[in-house]
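Trainee: Mind looking at a prediction? Sequence and model below.
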Amino acid sequence: MSAARAPVNVVGGGLAGALLAIVLARRGFRVEVFERRADPRLRAGERGRSINLALAARGLRGLAVAGVAARIAPLLVPMRGRHVHEHDGSGALLAYGQDDSEVIYSVSREALGRTLIEAAAAEPAVTLHFGADCVGVDLARDALLFGEGGKVRRRVPLAPTIATDGAGSAVRAALAAAGALTVREEVLAHDYLELTIPRDRAAGLDPHALHIWPRGGFMLIALPNTDGSFTATLFLAREGSPSFAELVDAPAIVAFFRREFPAAVSRLPQLVAEFAEHPRGRIGTVYCDPWTLDGKVLLLGDAAHAIVPFHGQGMNCAFEDVAVLDSLLATHGDTAALFAEFARVRRPDTDAIAQMAIENYLEMRDTVRDPVFQRRKALGAALERAFPDRFIPRYSMVMFHPEISYAEALRRGAVQQEILAALDAADPGQQPRGGGTDTIPPGARALIEARLAPIGVRA
């Protein structure tokens, strides 16, 4: 894709679009960003729709590629593990990694988006258009259509366009309506609702942990903010029992929380009001094929492969998309070849993280309390210490090792689960010790060396 050609259109000025604009500008492209919402530097945040984001190694690498990591650093709150809150009020911290260097970061979507837009606006080659609602794509005339209420107010030459307009992508919908691609959306039976734990009610909550109140088929989570408050999110079925459909008034809401989250009720002083004021969000996975159209259009981030948020990888995956596209720009001068190669390289990884995100939801809401899960997690951590070049728990591969692809993490993770199951079945009472004094089960070395090649070497 030559920098001397027409400007690159980026439809969607959210997190991925703003980051992409910065990267393209620094590669020498002129970039036109079209965002349907108002300028985030001038408007208040959208309450109730944030689901505080978890920034991990893949996302950090994308920010580094764009040269904006230092601008983002003040927004981040490190989280070293999941603090699991049982129904009886007891709890424990399950560390994410081997030590405090392996952390993920809570970040406000609003603050991150505003900072990235500020960085994009500082690039002379980037032009930002707010209030620019994409209402269609005219394939016969190679034009992007912008307007309001379905009425076209402006036409923009289509090629080249990169759509980063999210899970509800207008560009993707227009291409699907024209028969240029197929889309399948798998919506979860669960919705989410955002709640607030203010700073004065957060005493006793570890400010450097992701808090989970798992209850089997549903859960409450809370992520820390830089001001000492927490953004909490309830994930609950839409219908059935228990479900959002049952929480129709204040008595039902309060009774539900007192029954299921008794220790959390006092931390949510605006519980009933926020139920009324905050919208319920739906979550799901988007599968789309193809991602590119004749070298004219490329779908990137959630527009191509939206996933559920339960592995904290939606944003990270989109930022990694940007980093991958940036690396390909160095060797692909033709837009059609560039877009096709990006889709070929990324699809196996995005399919893999979509699967792992669903599996992590089941783990967070239920399995994390299972003694077998906890025992095997401890064993996995011990095996990582003993065989760091071969055995890295899947969660750690995804969150802390961007050099390992999502697809490879899924593949190696399946093998490692089989190894853990075999070792645990042989001696279910084993309790590995940390601090360099781990007792490794008999046969572990032979299994690992036979089935797991050193990291970076394909088995």
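Mentor: That came through, no problem. Residues are numbered from 1 along each chain as shown.
Trainee: tell me which element V156 is part of?
Mentor: strand 151-157 (DSSP states H and E).
Trainee: quick one: that strand to chain centroid distance?
Mentor: Centroid separation for strand 151-157 versus its chain: 32 Å, with CA atoms, centre = their mean, to the nearest Å.
Trainee: who's in contact with it?
Mentor: Outside strand 151-157, the residues within contact range by CB atoms under 8 Å, 6 or more residues apart in numbering are 6, 9, 32, 34, 132, 135-136, 138, 141-147. C-beta: built from backbone N, CA, C; applies to glycine.
Trainee: give the contact list for the residue lying closest to A303 once chain neighbours are set aside.
Mentor: Nearest residue to A303 in three dimensions, chain neighbours excluded: S169, at 3.8 Å (CB to CB, 6 or more residues apart in numbering). Listed by CB under 8 Å, 6+ apart, the contact set of S169 reads 12, 163, 299, 302-303.
Trainee: Phi and psi next, for S169.
Mentor: S169 has phi and psi values of phi -40, psi 120 when expressed as degrees, to the nearest 10.
Trainee: related to what we said a few turns ago, between the contacts of S169, which sits nearest P388?
Mentor: Closest approach between those and P388, by CB to CB: D302, at 33.7 Å.
Trainee: Could you measure from L325 over to T233?
Mentor: Separation of L325 from T233 (CB to CB, to the nearest Å): 30 Å.
Trainee: Could you do R37 as well?
Mentor: 22 Å.
Trainee: Is R282 in a helix, a strand, or coil?
Mentor: For R282, the assignment made with DSSP: H, G, I helix; E, B strand; the rest coil gives strand.
Trainee: So, low pLDDT: which residues of the protein?
Mentor: For the chain, the stretches with pLDDT under 70 are 2-5, 44-51, 364-369, 428-437, 457-459.
Trainee: So in it, which strand runs the longest?
Mentor: Across the chain, the longest stretch assigned as strand under DSSP state E is strand 182-197.
Trainee: Would you mind pulling up the elements that the very next helix or strand once past that strand packs against?
Mentor: Downstream of strand 182-197, the next assigned helix or strand under DSSP H and E is strand 210-214. If you count contacts as 3 or more CB pairs under 8 Å, 6 or more residues apart in numbering; DSSP states H and E, strand 210-214 packs onto strand 81-85, strand 219-224, helix 335-365.
Trainee: Give me whichever of those is most buried.
Mentor: Mean neighbours per residue, mean count of other CB atoms under 10 Å, is largest over the helices and strands packed on strand 210-214 for strand 219-224, with a mean of 24.
Trainee: possible to save the contacts of S169 as TSV with neighbour count and distance to A337?
Mentor: Formatted as TSV, these follow (neighbours: other CB atoms under 10 Å; distance: CB to CB, whole Å):
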residue	neighbour count	distance to A337
G12	27	24
A163	30	19
L299	30	17
D302	26	24
A303	29	21
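Trainee: Tabulate these in a markdown table, adding columns for distance to D200 and secondary structure.
Mentor: Shown next, in a markdown table, are the contacts of S169 (distance: CB to CB, whole Å; DSSP: H, G, I helix; E, B strand; the rest coil):
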| residue | distance to D200 | secondary structure |
| --- | --- | --- |
| G12 | 37 | coil |
| A163 | 43 | strand |
| L299 | 44 | strand |
| D302 | 35 | helix |
| A303 | 40 | helix |
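Trainee: thinking again about what came up before, adjacent strands (with direction) for the strand holding V156?
Mentor: Strand 151-157 pairs in its sheet with strand 143-148 (antiparallel), by DSSP bridges.
Trainee: And the strand it pairs with, how far out from the chain middle?
Mentor: 29 Å.
Trainee: What residues sit buried inside it?
Mentor: For strand 143-148, burial by neighbour count (16 or more other CB atoms under 10 Å) applies to 143-146.
Trainee: now, which of these sits nearest L205?
Mentor: F146 (44.8 Å).
Trainee: Ramachandran angles for V286?
Mentor: Per degrees, to the nearest 10, the backbone of V286 is at phi -110, psi 130.
Trainee: my read: it touches T182, true?
Mentor: No - judged on CB atoms under 8 Å, V286 makes no contact with T182 at a distance of 11.3 Å.
Trainee: related to what we said a few turns ago, buried ones in the strand holding V156?
Mentor: Applying 16+ other CB under 10 Å to strand 151-157 flags V156 as buried.
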